[in-house]
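Asks: How does the following fold in three dimensions:
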Amino acid sequence: MARSPEKQRDPKASLALLWGEQEQPRRGPKPSLTLDRITATAVAVADAEGLDAVSMQRVAAELDVTTMALYRYVPGKTDLIDLMVDTALGAPPPGGTEGGWRPRLTEWARQCWELYRRHPWILPATAMRRQPMGPNQLAWLDAALAALADSGLSPARRHDTFLLIVGHIRSLAQQRLDANQEDDQEWNRLTAELLERHGPRFPALTAAIAAGAFAPREEDPLAYGLERILDGVAVLVDRAAPQP
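Replies: Residues are numbered from 1 along each chain as shown. Reported below is the predicted structural model:
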């Protein structure tokens, strides 16, 4: 039985495709499609309907070509998703923000959060697998590390800080992805009924709910966690500063 293109994935070929280093055919008819057009079409499908809606067949149909024609450009869906992620990320914000490492890193984090809000499918596309990183994805990492270049932190701690901030952003993105207003209302109703019967067993929780701790709030979801992370980083930066 013939193996699918996905099972035959060549890591070196995948990286070459992602970085635009694949060897171009010297003979044959001029290609009727481009990787940019294929990837942009796949991104549009994911933006509108989610990552599950993306398939080689669906993208081929959107482009009005056969699925086999698409395989001449992209070996399979996994490679297509890698291309989609790097395309959707685009270039990171320029590093010209003044005021030191904290304003630079704050601007970086806000731009990153906006990407996850605009393209929520990036979260499942990059979850639980080690995928090859394209030039844009590496540029985002590079920009975060560069924002901390004058902080006095070691390269390892700069990377740890990047991971903390990305983890916070991905957690918020997951909450948005899981949110369902109708289900939330039903869950809140059932929980309220349970606490009416068992509230004395959970005094701190009952008091917090009564004080409105779980009520919807009109505030920047990124701000609180990001500021607390950066406050902690600031302590490390102060420790790393040369003593007079």
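Asks: Now do the helices in this structure.
Replies: Ranges of helices in the chain, per DSSP state H, are 11-18, 35-49, 56-63, 67-71, 77-89, 101-118, 122-125, 135-147, 155-178, 181-198, 203-210, 223-240.
Asks: Looking at those, which is nearest to residue 217?
Replies: Evaluated over the helices of the chain, closeness to residue 217 peaks at helix 223-240, with 10.2 Å, by Cβ to Cβ. (C-beta placed from N, C-alpha, C; glycine too.)
Asks: any idea which of the helices of the chain scores lowest on pLDDT?
Replies: Lowest mean pLDDT within the helices of the chain: helix 181-198, at a mean of 81.
Asks: ok and it relative to helix 155-178, angle-wise?
Replies: 90 degrees (axes from the mean of the first three to the mean of the last three Cα atoms, to 10 degrees).
Asks: and helix 181-198, what does it pack onto?
Replies: Applying 3 or more Cβ pairs under 8 Å, 6 or more residues apart in numbering; DSSP states H and E, we find helix 181-198 packed against helix 203-210.
Asks: For the helix it packs on, C-alpha coordinates in PDB please.
Replies: C-alpha atoms of helix 203-210 as PDB (Å, rounded to 0.1, in the frame of the first residue of the first chain):
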ATOM      1  CA  PRO A 203     -15.600  30.000  52.800                       C
ATOM      2  CA  ALA A 204     -12.800  31.800  50.900                       C
ATOM      3  CA  LEU A 205     -14.300  30.900  47.500                       C
ATOM      4  CA  THR A 206     -17.800  32.000  48.600                       C
ATOM      5  CA  ALA A 207     -16.500  35.300  50.000                       C
ATOM      6  CA  ALA A 208     -14.500  36.000  46.700                       C
ATOM      7  CA  ILE A 209     -17.600  35.300  44.600                       C
ATOM      8  CA  ALA A 210     -19.800  37.500  46.800                       C
END
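Asks: Show the contacting residues for the closest residue to residue 233 other than its chain neighbours.
Replies: Spatial nearest neighbour of residue 233, excluding adjacent residues (Cβ to Cβ, 6 or more residues apart in numbering): residue 161 at 5.4 Å. Residue 161 sits next to 105, 144, 148, 153, 229, 233 when contact means Cβ atoms under 8 Å, 6 or more residues apart in numbering.
Asks: any idea how far residue 161 is from residue 17?
Replies: 31 Å (Cβ to Cβ, to the nearest Å).
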